[in-house]
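give the three-dimensional model of this entry:
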Amino acid sequence: MQDLTGKITGSTLTAAEWNQLPEEVQNVITAAGIALSSGDVNQLGKAVAAYSSAAEYFVDSGAADVYVVARTGAIHPWPSYVDGVAAVFKVGNTNTGASTINVSTLGVKSITNPDGSALIAGALVAGTYAKIRYVLASDRFELETGIISQVGASGYIVFPGGLIIQWGQASDNGAQSKSFNFPITFPTAVDRIIGSFSDISSGSTGEEIILFTVGGRTTSGASVDVKSVGVIGAWVVDYCAIGR
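Model prediction:
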């Protein structure tokens, strides 16, 4: 639409200039998916409501760690990245680590945690909704999703601020050291690991069984060292690891 500023003080609009006004309104209505009707004088309001309700929602068509999102239907995309603007999208593929996003072909930007650190694997989970917000000062999107979790026999919870609790099992047969991997890698450090036997086979005859956490603990896993005075059969150890 052309600039009509100079014609608002009594000047006459040409037919072409005047036609731009209803065309603008009509385009807003039809882009919202509303069929034009002379019997409905509330169509513009309905269109504005449709735009408002879909203001943050985008559809993901990218890959793991490389997300590409766009508007649905004919609703117009953002004209540019603006400080504080937010986007919500249904994650198509679970991320495996540091990730980027391109919103409406405006350019690739990093997705980080609020403190600027890279996302850990599983921070964006396929089939769930993620909300990100653009920060102009650092030219990136920050993930606003609160607690991230994967719950099961093994799993993890990632809390806002970076605290991570993970759990799982290690199992083997006989007295020996057994290594295991955490469900996800701790980005920084493992602060504590605790464990207990959840099962010892009936064939065990030991009088004393000791569970140790041993050297070699890393951000991706650890090991338990099972010893006994007697003979140990199959065993299962439940563990819980706390880190960041």
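
and the end-to-end length of stretch 66-82?
In stretch 66-82, first residue to last residue: 21 Å (C-alpha to C-alpha, to the nearest Å).

what average pLDDT does that stretch get?
Over the span of stretch 66-82, the pLDDT mean works out to 86.

mind checking how far that stretch is from the chain centre?
Distance of stretch 66-82 from the chain centroid (C-alpha atoms, centre = their mean, to the nearest Å) equals 18 Å.

contacting residues around the residue nearest the centre of the chain?
When C-alpha atoms, centre = their mean is applied to the chain, the residue found nearest the centroid is residue 124 (2.9 Å). Residue 124 makes contact with 67, 91, 94-95, 99, 111, 130, 143 under the criterion C-beta atoms under 8 Å, 6 or more residues apart in numbering. In short, each C-beta sits where N, CA and C put it, glycine included.

swap the cut-off to 6 Å and go again
Residues near residue 124 by C-beta atoms under 6 Å, 6 or more residues apart in numbering: 91, 95, 130.

likewise residue 148?
The neighbourhood of residue 148, defined by C-beta under 6 Å, 6+ apart, consists of 123, 158.

what residue spans form the domains of this protein?
Domain assignment for the chain, taken from automatic domain parsing, gives 5-53, 57-145, 153-243.

between these, which gets the lowest average pLDDT?
Note on the domains of the chain: domain 5-53 shows the lowest mean pLDDT, a mean of 76.

for the longest helix seen in the chain, buried residues please.
Counting residues, the longest helix found in the chain (DSSP state H) is helix 15-31. For helix 15-31, the neighbour count (16 or more other C-beta atoms under 10 Å) marks 28-29, 31 as buried.

and stretch 87-94, by the same measure?
Neighbour-count burial for stretch 87-94 [16+ other C-beta under 10 Å]: 87-89, 91-94.

can you tell me which of the residues you listed lies nearest to residue 39?
Nearest to residue 39, judged by C-beta to C-beta, of the buried residues of stretch 87-94 is residue 88 at 34.6 Å.

that closest one should be in a helix, yeah?
No - counting by DSSP: H, G, I helix; E, B strand; the rest coil, residue 88 is not found in a helix; it is strand.

is it true that it touches residue 57?
Yes - counting by C-beta atoms under 6 Å, residue 88 touches residue 57, with 5.3 Å between them.

please, where are all the helices along this protein?
Counting by DSSP H, the chain has helices at residues 15-31, 43-53.

ok, how many other residues are close to residue 100?
Around residue 100 there are 18 other residues, counting by other C-beta atoms under 10 Å.

okay, and the beta partners of the nearest residue to it once chain neighbours are set aside?
Distances taken as C-beta to C-beta, 6 or more residues apart in numbering put residue 108 closest to residue 100, at 5.1 Å, once the chain neighbours are dropped. Beta-bridge pairing for residue 108 (DSSP bridges): residue 102.

from here on, call the first residue 752.
Sure thing, new numbering starts at 752, so read that last one as residue 859.

how far away is residue 859 from residue 888?
18 Å (C-beta to C-beta, to the nearest Å).

re the thing from before, helices or strands up against the longest helix of the chain?
helix 794-804 (3 or more C-beta pairs under 6 Å, 6 or more residues apart in numbering; DSSP states H and E).

lovely, talk soon.
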